[in-house]
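S.K.: Task: produce atomic coordinates for the following.
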Amino acid sequence: MSELKEYKCPCCGGAIEFDTESQNMKCPYCDTEFEPETLKSYDDDLKSEGGEELNWETEPGSEWREGEAEGMRVYICNSCGGEIIGDETLAATKCPFCDNAVVMKGQLSGALKPDYVIPFKLDKNAAKEGYFKHISGKRLLPKVFKDKNHIDEIKGIYVPFWLFNADANADARYRATKVRSWSDSDYIYTETSYYSATRRGDIGFDRIPVDGSDKMADDLMESIEPYDFSEAVDFQTAYLAGYFADKYDVDAEQSVARANDRVRKTTEQTFAATVQGYSSVTPESVNVRLSNGSSSYALYPVWLLNTTYEGEKYVFAMNGQTGKFVGNLPLDKKAYKRWLFGLTAAIGAVGFALSYLFWLF
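M.R.: Numbering: from 1, shown residues only. Next up, the predicted model:
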């Protein structure tokens, strides 16, 4: 079995968790609070320990099919003795029997130990409020979804992120035009002037986030950005107590391509934004060269919400630090058709009125 870590209150022996409101560890039984820094000694062994390798044993009569047990981990709760089963990336969770917060110690030791963590600032109630605010005022949302909808699951999870630093040196060339029109009593004149615009420069990038979890959709994680890294702290397992957490299953080397893509796109957009005062701008060539690349490993707070409608699951995400909320919603097709018909009719009426006025004058 793999080793678990639990934080116990020295006053009453209850399991303590990280509290978003006080930003301290708090015992839910006697309300005693502790600063996370006071529990730092719990993490000292993470600097030298390596992850444990699980050796599976089966009772007579229970046989695992080939590949069935791959990636599974079994833990024993220190408080009640119940078994906790998770996959190979699970780093923090709650015991399903006694609800105590636990941290999978071996998942965060040695080379796997994160450098930083941004603690949760918003709790589960804030995630619920974010969800109901997200669905309010949506005229094309099915009424049944709004009236009878229930949230299947709300889960606070620390998502692993690789943070990349890099310097970009770039040069770009654009084809631009300026269009001028005038008229006299006989003709309408149009003059188009053509220009070649060039840009060269350097841009520095700090802590570009790329999520290191294969379970998380990249577009969903990017949609809840940005995070305020000034509130990041050196990693301590105490911050994970009471939440779920994953260790990365996409390593830094595998994430480099996505980081490079984000750097290049941002560089291209930044350079293009400086080409102003023209009627049109078309990029002809953009060359971006990267240097001084480095990376670090951090855990960022995310609230995940799931709900089901007509057999389809909808996933929403909220930034656990800033409250930014994103997620797709179902469409009321009948309401959409009525809206589209009304819009078409309105455009037709305006067009008819303009043509009638033109005929009069």
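
S.K.: contacts and neighbour counts: CA atoms only from here.
M.R.: Will do.

S.K.: Output the below-cut-off pLDDT ranges for the chain.
M.R.: Low-confidence segments of the chain, defined by pLDDT under 70: 1-7, 10-14, 38-92, 94-112, 140, 144-149, 331-361.

S.K.: Swap in 50 and give it another go.
M.R.: Scanning the chain with the threshold set as pLDDT under 50 gives 1-2, 51-62, 339, 343, 345, 352-354, 356-361.

S.K.: Please parse it into its domains.
M.R.: Using automatic domain parsing, the domains assigned to the chain come out as 4-57+64-112, 124-330, 333-361.

S.K.: can you confirm residue 219 is in a helix?
M.R.: Yes. Counting by DSSP: H, G, I helix; E, B strand; the rest coil, residue 219 falls inside a helix.

S.K.: roughly how far apart are it and residue 225?
M.R.: Distance, residue 219 to residue 225, by CA to CA, to the nearest Å: 10 Å.

S.K.: Comparing the two, which residue is more hemmed in?
M.R.: The neighbour comparison of residue 219 against residue 225 (other CA atoms under 10 Å) goes to residue 225, with 14 against 9.

S.K.: what kind of secondary structure is that one in?
M.R.: With three-state DSSP as the basis, the three-state label of residue 225 is coil.

S.K.: burial count for the closest residue to it other than its chain neighbours?
M.R.: With CA to CA, 6 or more residues apart in numbering as the criterion, residue 225 has its nearest non-adjacent residue at 7.4 Å, and that residue is residue 319. Here the number of neighbours of residue 319 (other CA under 10 Å) works out to 25.

S.K.: Now do the contacts for residue 319.
M.R.: 224-225, 227, 301-303, 325 (CA atoms under 8 Å, 6 or more residues apart in numbering).

S.K.: For it, give the beta-bridge partners.
M.R.: Beta-bridge pairing of residue 319 under DSSP bridges involves residue 302.

S.K.: likewise residue 160?
M.R.: residue 299.

S.K.: Give the burial count for it, as a bare number.
M.R.: 26.

S.K.: quick one on the thing from earlier: nearest to residue 139, of the contacts of residue 319?
M.R.: Distances from residue 139 to the contacts of residue 319, taken as CA to CA, are shortest for residue 325 (18.5 Å).

S.K.: Check the spacing between the residue nearest to the closest one when sequence neighbours are not counted and residue 222 real quick.
M.R.: Spatial nearest neighbour of residue 325, excluding adjacent residues (CA to CA, 6+ apart): residue 318 at 4.3 Å. Computed as CA to CA, the residue 318 to residue 222 distance reads 11 Å.

S.K.: what's the answer for residue 169, then?
M.R.: 24 Å.

S.K.: Just want to know which of these two has more residues nearby.
M.R.: residue 169 (15 against 12).

S.K.: Could you pull up the residues touching the more buried one?
M.R.: Counting by CA under 8 Å, 6+ apart, residue 169 touches 200-203, 288-290.

S.K.: let's see 6 Å
M.R.: Residue 169 makes contacts with 201-202, 288-289, as judged by CA atoms under 6 Å, 6 or more residues apart in numbering.

S.K.: Let's have these in a markdown table, adding distance to residue 250, secondary structure and neighbour count.
M.R.: What follows is the contacts of residue 169, written out as a markdown table (distance: CA to CA, whole Å; DSSP: H, G, I helix; E, B strand; the rest coil; neighbours: other CA atoms under 10 Å):
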| residue | distance to residue 250 | secondary structure | neighbour count |
| --- | --- | --- | --- |
| 201 | 32 | strand | 12 |
| 202 | 29 | strand | 13 |
| 288 | 25 | strand | 19 |
| 289 | 25 | strand | 13 |
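
S.K.: I appreciate the help and will end here.
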